[in-house]
Every structure is written in structure tokens, then in C-alpha cells.
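Participant: One predicted model, sequence on top.
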Amino acid sequence: MTFLTIFTAPKPFTNPHINLIQHNALAAWTRLADVEVILIGDEPGIPEAASDLRADFSTP
């Protein structure tokens, strides 16, 4: 059972610095116990980040 669900709409993963910051945050969230992370949006890089980090993905 999921205790917490985190919904987030990240910025595009096109800027290397923003990419690093967002990837680190998402990776930390996915390592928490009983947490589901859902990425929302159609910005570049979101589907790939969701796949890499085993997070769910939804487009608006």
C-alpha cells in the first residue's frame, strides 16, 4: 500500500543544471519507502526521467 503519492510537474530536462537538480530530487523521492512518484507534463525529458527512475508518468 502506498502511504504517500507525490505529484510533480517538472521543468524541461533541457538545461544540464536543472536536469541534475530535478533528477537528484526525483531519485531521492523514489528511494523513500511506500511512496509513489507521478510526473505530469509534456515537457522534453519527462518520459525518459520517469522511465529511468521507475516513476509513473502522465500527460495533461
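Facilitator: Good, I have the coordinates.

Participant: If you drop the residues flanking it in sequence, what lies closest to residue 29?
Facilitator: With sequence-adjacent residues excluded and distances taken as C-beta to C-beta, 6 or more residues apart in numbering, residue 29 is closest to residue 37, at 5.0 Å. C-betas here are computed from N, CA, C, even on glycine.

Participant: quick one: average confidence on the strand or helix carrying the one you found?
Facilitator: Element membership of residue 37 [criterion: DSSP states H and E] is strand 35-40. The average pLDDT within strand 35-40 is 96.

Participant: helices and strands around it, which ones?
Facilitator: With contacts defined as 3 or more C-beta pairs under 8 Å, 6 or more residues apart in numbering; DSSP states H and E, strand 35-40 has these neighbours: strand 4-8, helix 16-31, helix 46-53, strand 56-58.

Participant: Walk me through which strands it pairs with, and which way each runs.
Facilitator: The strands beside strand 35-40 in its sheet (DSSP bridges) come out as strand 4-8 (parallel), strand 56-58 (parallel).

Participant: How far off centre is the longest one?
Facilitator: Mean C-alpha position of strand 4-8 versus that of the full chain (C-alpha atoms, centre = their mean, to the nearest Å) differs by 9 Å.

Participant: Give me the neighbour count for residue 11.
Facilitator: Residue 11 has 15 neighbours, counted by other C-beta atoms under 10 Å.

Participant: next one: residue 55
Facilitator: 20.

Participant: between the strand holding residue 37 and helix 46-53, how big is the angle?
Facilitator: Interaxial angle of strand 35-40 relative to helix 46-53 (axes from the mean of the first three to the mean of the last three C-alpha atoms, to 10 degrees): 160 degrees.

Participant: Tell me what angle strand 35-40 forms with helix 16-31.
Facilitator: 140 degrees.

Participant: for strand 35-40, which positions count as buried?
Facilitator: In terms of neighbour count (16 or more other C-beta atoms under 10 Å), strand 35-40 has its buried residues at 37, 39-40.

Participant: what do you get for stretch 47-60?
Facilitator: Buried-residue list, stretch 47-60, by 16+ other C-beta under 10 Å: 49-50, 53, 55, 57.
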